[in-house]
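**Student:** Here you go, sequence then predicted model.
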Amino acid sequence: MINNNTLILMKIATYNVNGVNGRLPVLLRWLEETSPDVVCLQELKAPQEKFPEQAIKDAGYKAIWHGQKSWNGVAILAKNLEIKETRRGLPGDEEDLHSRYIEAFINGIVVGCLYLPNGNPSPGPKFDYKLAWFERLTTHAKSLLARKIPVVLVGDYNVMPTELDVYKPERWVNDALFRPETRQAFHNLVGQGWTDALRKLHPGEKIYTFWDYFRNAYARDAGLRIDHFLLSPELDKRLLTAGVDRHVRGWEKSSDHGPVWIEIED
DNA sequence: ATGCCGTGGAAACCACGA
């Protein structure tokens, strides 16, 4: 929308924090620096009652979250916007207790925040779980698309979609994040009609969102692009900019992921 | 290059991550 020649923007970000409590100083610093309107967090690594709600609130954000002891955990934060939770957990498997999906209606947009399983080692039960989770996500995504409303499915997909998204593709061909089955699953999902926002705005460009803690990966820029924004057509047409706050990865006590963001017309 | 780092939780090591 354009009011008095001023383009009103809405900034949506995703950040795999790798432990929301251990990462709190970095998270708050980044929120203060970039002030996104909506933030999706993954890998809280905190039980429900240990989420740092007050610190997030003091930073100006409302939050909903789905915690889990030790592992996983996802949250959605919003500044000056109401968060109406629409789902926690993906449909399709009552026995799946991992906290990997939370969804909310915010400012007219469905925001699905996800942490797709890693899947290593592959082959094996963890890889099977990854592909099964991917199928459930794809089924749910189709029902969201059918509603013809603005939707973003965002988070840590644990998939490098193409060779351009890996610093050394040949080293990753047997890894659960890059195996043909995994890339095919991502391709099938996007093929429903979703737009990979960062790739659309930066075609052919090397973009990474993760750098390993060891082997000096960040300094060598030995990274992966695994955190993605998938936009429904109704949101894609409002997409303006997208990027990675890669400098945050260089901060003291950083996560191994960097924050990723998009800006849309509001 | 098959966890060299980092996190959380249990227990002073382990599971897990990508």
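**Tutor:** Okay, I see it.

**Student:** right, and residue A:109 touches residue A:154 too?
**Tutor:** No: Residue A:109 is beyond contact range of residue A:154, at 10.6 Å (criterion: C-beta atoms under 8 Å). Using the backbone N, CA and C atoms, a C-beta is placed for each residue, glycine as well.

**Student:** Comparing these two, which shows the higher neighbour count?
**Tutor:** Between residue A:109 and residue A:154, residue A:154 has the larger neighbour count (other C-beta atoms under 10 Å), namely 27 against 22.

**Student:** That one - that's part of a helix, no?
**Tutor:** No: under DSSP: H, G, I helix; E, B strand; the rest coil, residue A:154 falls outside any helix and is assigned strand.

**Student:** List the beta-bridge partners for it.
**Tutor:** Applying DSSP bridges to residue A:154 yields these beta-bridge partners: residue A:113, residue A:229.

**Student:** Pull up the per-residue confidence for it.
**Tutor:** The confidence metric pLDDT takes the value 98 at residue A:154.

**Student:** likewise residue A:215?
**Tutor:** 88.

**Student:** what's the helix or strand for residue A:65?
**Tutor:** strand A:61-66 (DSSP states H and E).

**Student:** Could you export that strand as PDB, CA atoms only?
**Tutor:** Provided in PDB are the C-alpha atoms of strand A:61-66 (Å, rounded to 0.1, in the frame of the first residue of the first chain):
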ATOM      1  CA  TYR A  61       7.700  -8.200  21.100                       C
ATOM      2  CA  LYS A  62       4.700 -10.400  21.700                       C
ATOM      3  CA  ALA A  63       5.500 -14.100  21.300                       C
ATOM      4  CA  ILE A  64       4.000 -17.500  20.900                       C
ATOM      5  CA  TRP A  65       6.200 -20.500  21.200                       C
ATOM      6  CA  HIS A  66       6.300 -24.300  21.300                       C
END
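
**Student:** Who are the packing partners of the strand or helix carrying residue A:76?
**Tutor:** Assessed by DSSP H and E, residue A:76 sits inside strand A:74-79. Packing partners of strand A:74-79 (3 or more C-beta pairs under 8 Å, 6 or more residues apart in numbering; DSSP states H and E): strand A:38-42, strand A:61-66, strand A:101-106, strand A:109-115.

**Student:** any idea how far the nearest residue to residue A:234 once chain neighbours are set aside lies from DNA strand B?
**Tutor:** Spatial nearest neighbour of residue A:234, chain neighbours left out: residue A:150 (4.5 Å); criterion: C-beta to C-beta, 6 or more residues apart in numbering. Counting by C-beta to the nearest atom of the strand, to the nearest Å, the separation of residue A:150 from DNA strand B is 27 Å.

**Student:** again with residue A:214
**Tutor:** As judged by C-beta to the nearest atom of the strand, residue A:214 and DNA strand B stand 3 Å apart.

**Student:** List the residues that contact the residue in the stretch 1-150 of chain A that DNA strand B sits nearest to.
**Tutor:** Nearest residue of the stretch 1-150 of chain A to DNA strand B, counting by C-beta to the nearest atom of the strand: residue A:19, 2.5 Å away. Applying C-beta atoms under 8 Å, 6 or more residues apart in numbering to residue A:19 gives the contacts A:43, A:44, A:45, A:46, A:255.

**Student:** My reading is that the third one lies in a helix. Confirm?
**Tutor:** If I follow you right, that is residue A:45. No: read with three-state DSSP, residue A:45 is coil and lies in no helix.

**Student:** Let me know the pLDDT of the nearest residue to it once chain neighbours are set aside.
**Tutor:** Leaving aside its chain neighbours, residue A:45 sits nearest to residue A:19 (4.4 Å; criterion: C-beta to C-beta, 6+ apart). Residue A:19 is assigned a pLDDT of 97 by the prediction.

**Student:** can you give me phi and psi for residue A:19?
**Tutor:** Main-chain dihedrals, residue A:19, degrees, to the nearest 10: phi 100, psi 100.

**Student:** Show me which of the helices and strands packed on strand A:74-79 has the highest average neighbour count.
**Tutor:** Greatest average neighbour count among those goes to strand A:38-42 (a mean of 28), per mean count of other C-beta atoms under 10 Å.
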